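Peer 1: prediction below, plus the sequence it came from.
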Amino acid sequence: MPRTCPWCGMETADLHQCEWCQRVLDPVSASTNAPAGAPPPNDPADNTDDCPVTPLAPLSIRLEWFLGLALPLLAVSMAAAHFVPVACNIVTVSTSFCAGFLVSVYQVVQSVDEHWAPVGFAVVLSLMFGPVFVLAGFLALVIMTRVEGCATVVILLSLHLLSAIAIAYSAAPELQVALRMAGAAPQASLPGLMTLAVVAGWTAANFWRPLDE
């Protein structure tokens, strides 16, 4: 029966060592089952130079924390865009930045150090072709290959597009106009440019993520 790793929050079939982060889950049983002649495991008390490691909360808990802040933020942004339609673009950029920041701080997606290449490539494609086509392409890659870097791109672009469309619709309650304002329509004036906000927030959050993840 698989168990949940207290360090990374993923399920692993190995009851003694996590298949994802390779951390030992049960040091006592691991030392008992070690082969003859193998060196004993390091005592955590001997590693005085190492930083203390805090177990990572399960993904469901981290997602709940993220939504607990992101949804009220989106509601406030929609209200601001409704009463001040002129500031719709500023509100969209600010909300997208905060969404990218929060989704990375709560470790719902991987960090910049691990997945900067696919996200940077997606930004370039978004500037050229718009975020909708890029999102569809990376979503197909996730379904076919299950690559984590592509999943990070899908989450970031989805957050930006959903926020932008909701805010634009609050400012102009017509679907075609809202899609064009959000950069989700082919005839958008600056397609993909506002996606830089969610990537900037995701990048800035790297300074607040724990060093031991």
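Peer 2: It's in. Numbering: from 1, shown residues only.

Peer 1: what does stretch 155-174 rub up against?
Peer 2: 70, 74, 77-79, 81-82, 85, 88, 91-92, 95-96, 99-100, 103, 108-109, 119, 122, 126, 131-132, 134-135, 138, 175, 177-179, 181-184, 194-195, 197-199, 202 (Cβ atoms under 8 Å, 6 or more residues apart in numbering). Glycine gets a C-beta too; all of them are placed from N, C-alpha and C.

Peer 1: secondary structure class for T203?
Peer 2: Three-state call for T203 (DSSP: H, G, I helix; E, B strand; the rest coil): helix.

Peer 1: A197 versus the closest residue to it other than its chain neighbours, what's the distance?
Peer 2: Among residues not flanking T203 along the chain, V112 sits closest, at 5.2 Å (Cβ to Cβ, 6 or more residues apart in numbering). Note on V112: its distance to A197, by Cβ to Cβ, to the nearest Å, is 15 Å.

Peer 1: those two: who's more crowded?
Peer 2: Between V112 and A197, counted using other Cβ atoms under 10 Å, A197 has the larger neighbour count: 22 against 19.

Peer 1: just list the residues touching R62, thanks.
Peer 2: R62 makes contact with 9, 56, 106-108, according to Cβ under 8 Å, 6+ apart.

Peer 1: let me have those in TSV, extended by pLDDT and distance to A166.
Peer 2: Listed next are the contacts of R62 as TSV, based on pLDDT from 0 to 100; distance: Cβ to Cβ, whole Å:
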residue	pLDDT	distance to A166
G9	72	29
L56	73	30
Y106	89	21
Q107	86	24
V108	88	19
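
Peer 1: tell me which entries of those residues lie within helices.
Peer 2: Nothing among those maps onto helices, per DSSP state H.

Peer 1: how is the chain divided into domains?
Peer 2: 1-35, 59-207 (automatic domain parsing).

Peer 1: and the ones you listed, which one's lowest on average pLDDT?
Peer 2: Ranked by mean pLDDT, these end with domain 1-35 at the bottom, a mean of 68.

Peer 1: what's the nearest residue to P118 if we skip its chain neighbours?
Peer 2: G149 (3.8 Å).

Peer 1: thought the one you found was touching W116?
Peer 2: No - assessed by Cβ atoms under 8 Å, G149 is found out of contact with W116, at 9.1 Å.

Peer 1: more neighbours: those two, which one.
Peer 2: For G149 versus W116, neighbours defined as other Cβ under 10 Å are more numerous around G149 (20 against 17).
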